[in-house]
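Student: Following is a predicted model, sequence given first.
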Amino acid sequence: MAATTITTAMDFISIHGHPSSTTTPTTPDEKHQEKNWLSICSFPGKGRGFVATQQIPAGTIVHTAEPLAAVVSQEWIPETCAWCFHFTYPKKMKYKMEMKVSTTCLQKKKKKQHPRSTTMTSKDVLFCSESCQQKYQTYGYHKNESELLLRCFHALEQVYHQRREKQTSNDNEDILHHDMNKFIKDLLHQKVDIHNDEQLRHWIDQAWTTFVQHYHQGQATQTWMPDDAERTMLRLVACCVGRRQMEAEYLFPELPVTVSTFNDLFQVQCNELAYIRRILLDVDHENESRKEKRILDALFDIMQMYIFFLSATSDFLDCPHTLFRAIYFREMANSFGLWEMASKQEEEDGNVTDDLELLGWGIYPSAVYFNHACDANIRKIRKGRQMVFISKRVIEQGEEACISYGCVEDTVQERRKRLLEHYHFLCACTRCEQEASSSSE
Ligand SMILES: C[S@@+](CC[C@H](N)C(=O)[O-])C[C@H]1O[C@@H](n2cnc3c(N)ncnc32)[C@H](O)[C@@H]1O
(Lines give C-alpha, C1' and ligand atoms only; values in the text may rest on other atoms or scores of the structure.)
Protein backbone atom coordinates (compact mmCIF):
# COMPACT_ATOMS: atom_id res chain seq x y z
CA MET A 1 0.00 0.00 0.00
CA ALA A 2 1.33 3.45 -0.79
CA ALA A 3 2.56 5.85 1.80
CA THR A 4 0.47 8.92 1.07
CA THR A 5 -3.19 9.61 0.51
CA ILE A 6 -3.84 11.96 -2.37
CA THR A 7 -6.50 14.59 -2.54
CA THR A 8 -6.47 15.97 -6.04
CA ALA A 9 -8.26 18.91 -7.53
CA MET A 10 -10.19 16.34 -9.49
CA ASP A 11 -11.87 14.87 -6.44
CA PHE A 12 -14.80 17.05 -7.36
CA ILE A 13 -15.59 15.02 -10.43
CA SER A 14 -16.03 11.80 -8.52
CA ILE A 15 -19.46 10.75 -7.58
CA HIS A 16 -18.62 7.45 -6.07
CA GLY A 17 -15.21 7.74 -4.65
CA HIS A 18 -14.84 6.20 -1.24
CA PRO A 19 -11.92 3.88 -0.65
CA SER A 20 -13.61 1.69 1.92
CA SER A 21 -15.92 0.37 -0.78
CA THR A 22 -13.14 -1.09 -2.89
CA THR A 23 -12.71 -4.45 -1.25
CA THR A 24 -12.87 -7.66 -3.27
CA PRO A 25 -16.47 -8.70 -3.91
CA THR A 26 -17.88 -11.57 -1.91
CA THR A 27 -18.92 -14.48 -4.13
CA PRO A 28 -22.68 -14.26 -4.48
CA ASP A 29 -25.05 -17.20 -4.31
CA GLU A 30 -25.66 -18.83 -7.68
CA LYS A 31 -29.36 -18.05 -7.31
CA HIS A 32 -28.51 -14.39 -6.72
CA GLN A 33 -26.77 -13.98 -10.06
CA GLU A 34 -27.62 -10.85 -11.96
CA LYS A 35 -31.05 -10.50 -13.56
CA ASN A 36 -33.18 -7.48 -14.23
CA TRP A 37 -33.32 -6.28 -10.66
CA LEU A 38 -33.50 -2.61 -11.62
CA SER A 39 -35.42 -0.32 -13.92
CA ILE A 40 -35.13 3.42 -14.49
CA CYS A 41 -37.70 5.83 -13.06
CA SER A 42 -38.05 9.55 -12.50
CA PHE A 43 -37.83 10.93 -8.97
CA PRO A 44 -39.04 14.43 -8.07
CA GLY A 45 -36.05 16.69 -7.43
CA LYS A 46 -33.50 14.02 -8.40
CA GLY A 47 -34.06 13.26 -12.09
CA ARG A 48 -33.78 9.65 -13.17
CA GLY A 49 -32.80 6.87 -10.81
CA PHE A 50 -32.80 3.08 -10.40
CA VAL A 51 -35.74 1.36 -8.75
CA ALA A 52 -36.09 -2.30 -7.65
CA THR A 53 -38.33 -4.27 -10.04
CA GLN A 54 -38.91 -6.93 -7.35
CA GLN A 55 -37.80 -7.63 -3.82
CA ILE A 56 -33.97 -7.88 -3.80
CA PRO A 57 -32.32 -10.08 -1.16
CA ALA A 58 -29.35 -8.67 0.76
CA GLY A 59 -25.96 -9.40 -0.87
CA THR A 60 -27.33 -9.58 -4.42
CA ILE A 61 -25.28 -8.34 -7.36
CA VAL A 62 -27.81 -5.99 -8.94
CA HIS A 63 -25.60 -4.57 -11.67
CA THR A 64 -22.15 -4.98 -13.22
CA ALA A 65 -20.82 -2.10 -15.30
CA GLU A 66 -18.04 -1.83 -17.89
CA PRO A 67 -16.35 1.49 -18.55
CA LEU A 68 -16.71 3.49 -21.75
CA ALA A 69 -13.35 4.95 -20.79
CA ALA A 70 -11.03 4.46 -17.83
CA VAL A 71 -7.64 6.04 -17.17
CA VAL A 72 -5.01 5.90 -14.45
CA SER A 73 -4.42 9.11 -12.43
CA GLN A 74 -1.25 10.85 -13.58
CA GLU A 75 0.33 10.39 -10.17
CA TRP A 76 0.04 6.59 -10.08
CA ILE A 77 0.85 5.70 -13.69
CA PRO A 78 4.14 3.92 -12.94
CA GLU A 79 2.55 1.68 -10.30
CA THR A 80 -0.87 0.98 -11.84
CA CYS A 81 -1.96 -1.30 -14.68
CA ALA A 82 -3.90 0.71 -17.28
CA TRP A 83 -6.13 -2.29 -17.99
CA CYS A 84 -6.98 -4.00 -14.70
CA PHE A 85 -5.90 -1.20 -12.29
CA HIS A 86 -3.71 -3.61 -10.34
CA PHE A 87 -1.55 -1.46 -8.05
CA THR A 88 1.92 -2.49 -6.89
CA TYR A 89 3.51 0.37 -4.95
CA PRO A 90 6.50 0.81 -4.88
CA LYS A 91 7.05 -1.64 -7.76
CA LYS A 92 6.68 -0.27 -11.28
CA MET A 93 4.61 -1.73 -14.12
CA LYS A 94 6.78 -3.58 -16.63
CA TYR A 95 4.85 -3.46 -19.89
CA LYS A 96 4.44 -0.37 -22.06
CA MET A 97 1.88 0.54 -24.66
CA GLU A 98 3.93 0.15 -27.80
CA MET A 99 2.93 -0.07 -31.45
CA LYS A 100 4.27 0.22 -34.93
CA VAL A 101 2.54 3.17 -36.56
CA SER A 102 2.91 4.86 -39.90
CA THR A 103 4.57 8.27 -39.62
CA THR A 104 2.52 9.68 -42.50
CA CYS A 105 -0.65 9.04 -40.55
CA LEU A 106 0.80 10.68 -37.48
CA GLN A 107 0.29 14.11 -38.96
CA LYS A 108 -2.49 14.04 -41.48
CA LYS A 109 -1.93 17.68 -42.31
CA LYS A 110 1.65 17.24 -43.45
CA LYS A 111 1.23 16.00 -46.99
CA LYS A 112 3.67 14.35 -49.40
CA GLN A 113 5.58 12.31 -46.89
CA HIS A 114 7.00 8.94 -47.87
CA PRO A 115 5.26 6.27 -45.85
CA ARG A 116 7.50 5.11 -43.05
CA SER A 117 6.72 3.33 -39.88
CA THR A 118 8.03 3.87 -36.42
CA THR A 119 7.54 2.30 -33.02
CA MET A 120 5.57 4.59 -30.80
CA THR A 121 5.13 4.26 -27.04
CA SER A 122 3.20 6.13 -24.41
CA LYS A 123 4.81 6.59 -21.02
CA ASP A 124 1.35 7.26 -19.65
CA VAL A 125 -0.01 3.77 -20.33
CA LEU A 126 1.63 0.83 -18.56
CA PHE A 127 0.51 -2.72 -17.79
CA CYS A 128 1.11 -5.39 -15.18
CA SER A 129 1.25 -8.26 -17.72
CA GLU A 130 1.38 -9.07 -21.39
CA SER A 131 -2.17 -10.30 -21.16
CA CYS A 132 -3.43 -6.90 -19.89
CA GLN A 133 -1.38 -5.16 -22.56
CA GLN A 134 -2.94 -7.40 -25.19
CA LYS A 135 -6.47 -6.80 -23.88
CA TYR A 136 -5.99 -3.03 -23.86
CA GLN A 137 -4.59 -2.96 -27.37
CA THR A 138 -7.34 -5.10 -28.88
CA TYR A 139 -10.31 -3.78 -26.90
CA GLY A 140 -12.50 -1.06 -28.36
CA TYR A 141 -14.80 -0.26 -31.18
CA HIS A 142 -12.26 -1.05 -33.86
CA LYS A 143 -8.73 -2.45 -33.91
CA ASN A 144 -7.41 1.02 -34.79
CA GLU A 145 -8.83 2.55 -31.63
CA SER A 146 -5.88 1.82 -29.38
CA GLU A 147 -3.50 3.18 -32.01
CA LEU A 148 -5.50 6.41 -32.12
CA LEU A 149 -5.41 6.63 -28.33
CA LEU A 150 -1.69 5.97 -28.31
CA ARG A 151 -1.20 8.94 -30.63
CA CYS A 152 -3.37 11.15 -28.45
CA PHE A 153 -1.63 10.21 -25.22
CA HIS A 154 1.77 10.60 -26.85
CA ALA A 155 0.84 14.04 -28.22
CA LEU A 156 -0.58 15.18 -24.87
CA GLU A 157 2.68 14.14 -23.20
CA GLN A 158 4.71 15.99 -25.84
CA VAL A 159 2.80 19.26 -25.63
CA TYR A 160 3.01 19.11 -21.86
CA HIS A 161 6.80 18.71 -21.93
CA GLN A 162 7.25 21.34 -24.66
CA ARG A 163 5.28 23.89 -22.69
CA ARG A 164 7.19 23.07 -19.54
CA GLU A 165 10.47 23.72 -21.31
CA LYS A 166 9.49 26.82 -23.30
CA GLN A 167 7.26 28.92 -21.05
CA THR A 168 6.79 31.56 -23.81
CA SER A 169 4.44 34.45 -23.13
CA ASN A 170 1.85 36.01 -25.37
CA ASP A 171 1.00 39.74 -25.26
CA ASN A 172 -2.29 39.22 -27.07
CA GLU A 173 -3.68 37.54 -24.00
CA ASP A 174 -4.63 41.03 -22.74
CA ILE A 175 -7.03 41.47 -25.65
CA LEU A 176 -8.57 38.14 -24.84
CA HIS A 177 -9.04 39.05 -21.17
CA HIS A 178 -10.55 42.40 -22.12
CA ASP A 179 -13.09 40.86 -24.51
CA MET A 180 -14.03 38.05 -22.17
CA ASN A 181 -14.46 40.54 -19.34
CA LYS A 182 -17.00 42.42 -21.43
CA PHE A 183 -19.03 39.23 -21.59
CA ILE A 184 -18.89 38.66 -17.89
CA LYS A 185 -19.98 42.26 -17.22
CA ASP A 186 -23.01 41.81 -19.49
CA LEU A 187 -23.92 38.70 -17.61
CA LEU A 188 -23.59 40.36 -14.24
CA HIS A 189 -25.58 43.40 -15.28
CA GLN A 190 -28.68 41.25 -15.58
CA LYS A 191 -28.83 41.03 -19.36
CA VAL A 192 -28.83 37.30 -18.72
CA ASP A 193 -31.18 35.68 -16.23
CA ILE A 194 -28.99 32.96 -14.73
CA HIS A 195 -32.05 31.02 -13.58
CA ASN A 196 -33.28 30.71 -17.14
CA ASP A 197 -31.66 27.61 -18.73
CA GLU A 198 -32.07 28.87 -22.30
CA GLN A 199 -30.51 32.25 -21.59
CA LEU A 200 -27.66 30.88 -19.54
CA ARG A 201 -26.89 28.19 -22.14
CA HIS A 202 -26.86 30.82 -24.89
CA TRP A 203 -24.48 32.99 -22.87
CA ILE A 204 -22.11 30.06 -22.20
CA ASP A 205 -22.11 29.14 -25.93
CA GLN A 206 -21.24 32.70 -26.88
CA ALA A 207 -18.47 32.93 -24.30
CA TRP A 208 -16.90 29.76 -25.72
CA THR A 209 -17.28 30.86 -29.34
CA THR A 210 -15.59 34.18 -28.55
CA PHE A 211 -12.77 32.45 -26.73
CA VAL A 212 -12.16 29.93 -29.51
CA GLN A 213 -12.16 32.71 -32.15
CA HIS A 214 -9.42 34.45 -30.18
CA TYR A 215 -7.50 31.21 -30.05
CA HIS A 216 -7.64 30.88 -33.83
CA GLN A 217 -6.37 34.48 -34.10
CA GLY A 218 -3.38 33.49 -31.97
CA GLN A 219 -4.60 35.24 -28.85
CA ALA A 220 -4.93 32.35 -26.47
CA THR A 221 -2.18 31.40 -24.13
CA GLN A 222 0.36 28.78 -25.15
CA THR A 223 1.87 28.71 -21.69
CA TRP A 224 -0.96 27.36 -19.55
CA MET A 225 -0.01 24.05 -17.93
CA PRO A 226 -2.49 21.40 -16.82
CA ASP A 227 -2.00 19.93 -13.36
CA ASP A 228 -1.98 16.16 -12.83
CA ALA A 229 -5.73 15.96 -12.36
CA GLU A 230 -6.35 17.94 -15.55
CA ARG A 231 -3.94 15.78 -17.54
CA THR A 232 -5.80 12.69 -16.34
CA MET A 233 -9.08 14.30 -17.32
CA LEU A 234 -7.77 15.14 -20.79
CA ARG A 235 -6.84 11.49 -21.38
CA LEU A 236 -10.35 10.50 -20.31
CA VAL A 237 -11.83 13.01 -22.77
CA ALA A 238 -9.49 11.69 -25.51
CA CYS A 239 -10.83 8.15 -24.96
CA CYS A 240 -14.39 9.38 -25.51
CA VAL A 241 -13.57 11.48 -28.59
CA GLY A 242 -11.55 8.54 -29.92
CA ARG A 243 -14.51 6.17 -29.50
CA ARG A 244 -16.75 8.64 -31.34
CA GLN A 245 -14.28 8.97 -34.18
CA MET A 246 -13.97 5.20 -34.54
CA GLU A 247 -17.74 4.90 -34.72
CA ALA A 248 -17.85 7.54 -37.45
CA GLU A 249 -15.04 5.93 -39.47
CA TYR A 250 -15.91 2.24 -39.15
CA LEU A 251 -19.50 1.24 -39.57
CA PHE A 252 -20.98 -1.63 -37.58
CA PRO A 253 -17.96 -3.63 -36.47
CA GLU A 254 -18.76 -6.77 -34.49
CA LEU A 255 -18.72 -5.39 -31.00
CA PRO A 256 -18.14 -7.44 -27.89
CA VAL A 257 -21.29 -6.92 -25.80
CA THR A 258 -19.32 -5.11 -23.14
CA VAL A 259 -18.16 -2.24 -25.37
CA SER A 260 -20.17 0.95 -24.85
CA THR A 261 -20.80 3.22 -27.80
CA PHE A 262 -20.20 6.94 -27.74
CA ASN A 263 -23.96 7.53 -27.74
CA ASP A 264 -24.13 5.77 -24.36
CA LEU A 265 -22.31 8.77 -22.95
CA PHE A 266 -25.26 10.96 -23.88
CA GLN A 267 -27.50 9.11 -21.45
CA VAL A 268 -25.39 10.72 -18.78
CA GLN A 269 -26.59 13.99 -17.27
CA CYS A 270 -24.61 17.02 -18.48
CA ASN A 271 -23.53 19.26 -15.59
CA GLU A 272 -22.41 22.36 -17.48
CA LEU A 273 -25.36 24.57 -16.52
CA ALA A 274 -25.36 23.33 -12.92
CA TYR A 275 -21.61 24.00 -12.64
CA ILE A 276 -21.70 27.53 -14.07
CA ARG A 277 -24.85 28.43 -12.17
CA ARG A 278 -23.33 27.30 -8.89
CA ILE A 279 -20.30 29.53 -9.49
CA LEU A 280 -22.53 32.49 -10.32
CA LEU A 281 -24.57 31.96 -7.17
CA ASP A 282 -21.43 31.44 -5.09
CA VAL A 283 -19.96 34.80 -6.08
CA ASP A 284 -23.21 36.67 -5.55
CA HIS A 285 -22.06 38.34 -2.33
CA GLU A 286 -18.66 39.42 -3.73
CA ASN A 287 -17.89 42.92 -5.04
CA GLU A 288 -18.14 43.48 -8.82
CA SER A 289 -14.49 43.14 -9.79
CA ARG A 290 -13.99 40.07 -7.61
CA LYS A 291 -17.11 38.53 -9.11
CA GLU A 292 -15.82 39.12 -12.63
CA LYS A 293 -12.45 37.64 -11.81
CA ARG A 294 -13.86 34.51 -10.22
CA ILE A 295 -16.21 33.81 -13.11
CA LEU A 296 -13.47 34.46 -15.63
CA ASP A 297 -11.07 32.16 -13.78
CA ALA A 298 -13.62 29.36 -13.58
CA LEU A 299 -14.39 29.58 -17.30
CA PHE A 300 -10.78 30.07 -18.34
CA ASP A 301 -9.57 26.95 -16.55
CA ILE A 302 -11.76 24.74 -18.71
CA MET A 303 -11.18 26.78 -21.87
CA GLN A 304 -7.43 26.53 -21.41
CA MET A 305 -7.76 22.79 -20.97
CA TYR A 306 -9.59 22.68 -24.26
CA ILE A 307 -6.92 24.72 -26.06
CA PHE A 308 -4.23 22.48 -24.63
CA PHE A 309 -6.19 19.46 -25.87
CA LEU A 310 -6.55 21.01 -29.34
CA SER A 311 -2.85 21.86 -29.57
CA ALA A 312 -2.00 18.23 -28.91
CA THR A 313 -4.64 16.32 -30.79
CA SER A 314 -6.10 18.45 -33.60
CA ASP A 315 -4.01 16.61 -36.23
CA PHE A 316 -5.86 13.37 -35.66
CA LEU A 317 -8.96 14.12 -33.54
CA ASP A 318 -11.87 16.26 -34.57
CA CYS A 319 -13.09 17.99 -31.41
CA PRO A 320 -15.04 21.27 -31.64
CA HIS A 321 -15.57 23.00 -28.29
CA THR A 322 -19.20 21.86 -28.20
CA LEU A 323 -18.05 18.24 -28.23
CA PHE A 324 -15.33 18.83 -25.65
CA ARG A 325 -17.83 20.46 -23.29
CA ALA A 326 -20.44 17.78 -23.89
CA ILE A 327 -17.90 15.17 -22.75
CA TYR A 328 -16.13 17.16 -20.04
CA PHE A 329 -19.32 18.18 -18.27
CA ARG A 330 -20.65 14.64 -18.38
CA GLU A 331 -17.49 13.29 -16.88
CA MET A 332 -17.66 15.98 -14.21
CA ALA A 333 -19.59 14.63 -11.21
CA ASN A 334 -20.46 11.42 -13.08
CA SER A 335 -17.11 9.62 -13.24
CA PHE A 336 -16.32 6.88 -10.78
CA GLY A 337 -13.13 7.08 -8.75
CA LEU A 338 -11.16 3.84 -9.19
CA TRP A 339 -9.64 3.07 -5.82
CA GLU A 340 -6.87 0.77 -4.75
CA MET A 341 -8.29 -2.51 -3.46
CA ALA A 342 -7.47 -3.96 -0.10
CA SER A 343 -5.48 -7.21 -0.32
CA LYS A 344 -7.18 -10.51 0.59
CA GLN A 345 -4.91 -10.76 3.60
CA GLU A 346 -5.89 -7.30 4.85
CA GLU A 347 -9.53 -8.18 4.42
CA GLU A 348 -9.19 -11.49 6.24
CA ASP A 349 -7.36 -9.77 9.08
CA GLY A 350 -10.03 -7.02 9.18
CA ASN A 351 -7.20 -4.59 8.50
CA VAL A 352 -8.69 -2.57 5.65
CA THR A 353 -7.47 1.00 6.16
CA ASP A 354 -8.88 4.27 4.89
CA ASP A 355 -5.68 5.42 3.21
CA LEU A 356 -6.22 3.52 -0.02
CA GLU A 357 -5.18 5.42 -3.12
CA LEU A 358 -7.33 6.94 -5.84
CA LEU A 359 -5.79 5.19 -8.85
CA GLY A 360 -7.89 6.53 -11.68
CA TRP A 361 -11.21 7.51 -13.13
CA GLY A 362 -13.77 5.73 -15.25
CA ILE A 363 -16.98 6.60 -16.98
CA TYR A 364 -19.60 3.85 -16.69
CA PRO A 365 -22.70 4.86 -18.69
CA SER A 366 -24.86 1.94 -17.57
CA ALA A 367 -24.32 2.77 -13.89
CA VAL A 368 -24.99 6.48 -13.86
CA TYR A 369 -28.58 6.06 -12.73
CA PHE A 370 -27.57 5.31 -9.16
CA ASN A 371 -28.60 8.43 -7.27
CA HIS A 372 -27.01 9.26 -3.96
CA ALA A 373 -28.55 8.58 -0.55
CA CYS A 374 -27.05 9.31 2.84
CA ASP A 375 -28.27 5.85 3.95
CA ALA A 376 -27.50 3.98 0.73
CA ASN A 377 -28.92 0.48 0.19
CA ILE A 378 -26.32 -0.44 -2.48
CA ARG A 379 -22.54 -0.60 -2.19
CA LYS A 380 -20.19 -0.56 -5.11
CA ILE A 381 -16.98 -2.46 -5.41
CA ARG A 382 -14.36 -2.52 -8.12
CA LYS A 383 -13.41 -5.80 -9.75
CA GLY A 384 -10.56 -5.03 -12.13
CA ARG A 385 -12.07 -2.58 -14.61
CA GLN A 386 -15.63 -3.49 -13.73
CA MET A 387 -17.85 -1.85 -11.15
CA VAL A 388 -20.09 -4.26 -9.28
CA PHE A 389 -23.14 -3.07 -7.34
CA ILE A 390 -24.42 -5.17 -4.43
CA SER A 391 -27.45 -4.72 -2.19
CA LYS A 392 -26.51 -3.98 1.44
CA ARG A 393 -29.89 -5.13 2.78
CA VAL A 394 -33.24 -6.38 1.50
CA ILE A 395 -34.65 -3.80 -0.94
CA GLU A 396 -38.39 -3.82 -1.47
CA GLN A 397 -40.04 -3.78 -4.89
CA GLY A 398 -40.49 -0.13 -5.99
CA GLU A 399 -37.82 1.16 -3.58
CA GLU A 400 -35.11 3.39 -5.03
CA ALA A 401 -31.65 1.78 -5.27
CA CYS A 402 -29.01 4.30 -4.20
CA ILE A 403 -25.29 4.37 -3.55
CA SER A 404 -23.33 6.81 -1.47
CA TYR A 405 -21.25 9.47 -3.24
CA GLY A 406 -18.93 9.87 -0.28
CA CYS A 407 -18.79 10.35 3.48
CA VAL A 408 -22.21 10.43 5.20
CA GLU A 409 -21.10 10.84 8.81
CA ASP A 410 -21.68 14.61 9.16
CA THR A 411 -24.76 16.63 10.00
CA VAL A 412 -27.39 17.19 7.32
CA GLN A 413 -26.15 20.76 6.77
CA GLU A 414 -22.55 19.63 6.27
CA ARG A 415 -23.52 16.72 4.03
CA ARG A 416 -25.69 18.95 1.84
CA LYS A 417 -23.00 21.64 1.65
CA ARG A 418 -20.38 19.12 0.54
CA LEU A 419 -22.64 17.52 -2.08
CA LEU A 420 -23.55 20.94 -3.43
CA GLU A 421 -19.91 22.00 -3.64
CA HIS A 422 -18.60 18.81 -5.20
CA TYR A 423 -21.56 17.49 -7.17
CA HIS A 424 -23.71 20.61 -7.68
CA PHE A 425 -26.99 19.30 -6.22
CA LEU A 426 -28.98 19.77 -3.03
CA CYS A 427 -29.42 16.31 -1.53
CA ALA A 428 -33.08 15.28 -1.47
CA CYS A 429 -32.59 11.80 0.00
CA THR A 430 -35.06 10.60 2.64
CA ARG A 431 -32.53 10.93 5.46
CA CYS A 432 -31.66 14.53 4.55
CA GLU A 433 -35.30 15.52 4.12
CA GLN A 434 -36.22 14.04 7.50
CA GLU A 435 -33.22 15.49 9.34
CA ALA A 436 -33.63 18.90 7.71
CA SER A 437 -37.32 19.11 8.64
CA SER A 438 -36.74 17.99 12.23
CA SER A 439 -33.85 20.47 12.68
CA SER A 440 -36.01 23.33 11.40
CA GLU A 441 -38.90 22.49 13.79
C1 LIG B 1 -24.97 10.20 -11.51
S2 LIG B 1 -26.30 11.21 -11.75
C3 LIG B 1 -27.63 10.18 -11.26
C4 LIG B 1 -28.66 10.12 -12.36
C5 LIG B 1 -29.40 11.41 -12.57
N6 LIG B 1 -30.45 11.56 -11.60
C7 LIG B 1 -29.95 11.48 -13.98
O8 LIG B 1 -31.14 11.78 -14.17
O9 LIG B 1 -29.20 11.26 -14.92
C10 LIG B 1 -26.11 12.34 -10.42
C11 LIG B 1 -27.12 13.46 -10.45
O12 LIG B 1 -28.40 12.99 -9.99
C13 LIG B 1 -29.00 13.94 -9.14
N14 LIG B 1 -29.03 13.35 -7.78
C15 LIG B 1 -28.44 12.22 -7.37
N16 LIG B 1 -28.69 11.96 -6.09
C17 LIG B 1 -29.47 12.97 -5.65
C18 LIG B 1 -30.05 13.29 -4.38
N19 LIG B 1 -29.89 12.53 -3.31
N20 LIG B 1 -30.79 14.42 -4.30
C21 LIG B 1 -30.98 15.24 -5.38
N22 LIG B 1 -30.44 14.99 -6.60
C23 LIG B 1 -29.70 13.87 -6.73
C24 LIG B 1 -28.10 15.17 -9.17
O25 LIG B 1 -28.56 16.03 -10.19
C26 LIG B 1 -26.76 14.60 -9.52
O27 LIG B 1 -25.92 15.54 -10.16
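Tutor: Yep, that arrived.

Student: Sticking with Val259, tell me its helix or strand.
Tutor: Element membership for Val259, per DSSP states H and E: none, as it lies in no helix or strand.

Student: So what's the residue count around it?
Tutor: Neighbourhood size, Val259 [other Cβ atoms under 10 Å]: 16. For glycine as for every other residue, the C-beta is placed from the backbone atoms N, C-alpha and C.

Student: and if you look at Ala326?
Tutor: Neighbours around Ala326, by other Cβ under 10 Å: 17.

Student: Would you confirm that Val51 contacts Glu396?
Tutor: No - look at Val51 against Glu396 with Cβ atoms under 8 Å: they stay out of range, at 10.2 Å.

Student: Have a look at those two and say which one is more surrounded.
Tutor: Each of Val51 and Glu396 has its neighbours counted (other Cβ under 10 Å); Val51 has more, 19 against 10.

Student: Just say helix, strand or coil for the residue of the stretch 201-350 of the chain found nearest the ligand.
Tutor: Taking Cβ to the nearest ligand atom, the ligand has its nearest neighbour within the stretch 201-350 of the chain at Gln269, 3.7 Å off. What DSSP: H, G, I helix; E, B strand; the rest coil gives for Gln269 is coil.

Student: for it, what are its contacts?
Tutor: For Gln269, the contact set (Cβ atoms under 8 Å, 6 or more residues apart in numbering) comprises 47, 330, 334, 368.

Student: what subset of those residues is also close to the ligand?
Tutor: 47, 334, 368 (Cβ under 6 Å from any ligand atom).

Student: among the residues you listed, which ones are buried?
Tutor: 334, 368 (16 or more other Cβ atoms under 10 Å).

Student: Dump the ones next to the ligand among the contacts of Gln269 to a markdown table, plus distance to Leu38, secondary structure and pLDDT.
Tutor: Below are those laid out as a markdown table (distance: Cβ to Cβ, whole Å; DSSP: H, G, I helix; E, B strand; the rest coil; pLDDT from 0 to 100):
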| residue | distance to Leu38 | secondary structure | pLDDT |
| --- | --- | --- | --- |
| Gly47 | 16 | strand | 94 |
| Asn334 | 18 | coil | 91 |
| Val368 | 12 | coil | 93 |
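
Student: For Phe316, state which of the ones next to the ligand among the contacts of Gln269 is nearest.
Tutor: Nearest to Phe316, judged by Cβ to Cβ, of those is Asn334 at 26.4 Å.

Student: Show me the strands in the stretch 1-150 of the chain, by range?
Tutor: 38-43, 47-52, 61-65, 69-72, 95-102, 117-127 (DSSP state E, counting those that start in this stretch).

Student: Can you tell me which of those strands is packed in deepest?
Tutor: strand 69-72 (a mean of 26; mean count of other Cβ atoms under 10 Å).

Student: what does that strand rub up against?
Tutor: Contacts of strand 69-72 (Cβ under 8 Å, 6+ apart): 80-82, 85, 124-126, 232, 235-236, 239-240, 243, 338, 359-363, 385.

Student: same deal with stretch 418-436?
Tutor: In this structure, residues lying in contact with stretch 418-436 by Cβ under 8 Å, 6+ apart are 11-12, 14-15, 44-46, 271, 274-275, 278, 333, 371-375, 402, 405-407, 410-412, 415-416.

Student: just the buried members of those?
Tutor: Among the contacts of stretch 418-436, those classed as buried by neighbour count (16+ other Cβ under 10 Å) are 14-15, 46, 271, 274-275, 278, 333, 371-374, 402, 405-406, 412, 415-416.

Student: Flag every residue of the stretch 301-441 of the chain that's near the ligand.
Tutor: The stretch 301-441 of the chain comes close to the ligand at residues 333-334, 368-369, 371-373, 423-425, 427-429, as judged by Cβ under 6 Å from any ligand atom.

Student: and if we set it to 5 Å?
Tutor: Proximity of the stretch 301-441 of the chain to the ligand, by Cβ under 5 Å from any ligand atom, involves residues 334, 368, 371-372, 425, 427-429.

Student: And for the stretch 1-150 of the chain?
Tutor: 46-48.

Student: Nearest to Tyr306, out of those: which one, please.
Tutor: Comparing these against Tyr306 with Cβ to Cβ places Gly47 closest, at 26.7 Å.

Student: just to revisit the earlier point, now the residue of the stretch 201-350 of the chain closest to the ligand: how far from Asp301?
Tutor: 21 Å (Cβ to Cβ, to the nearest Å).
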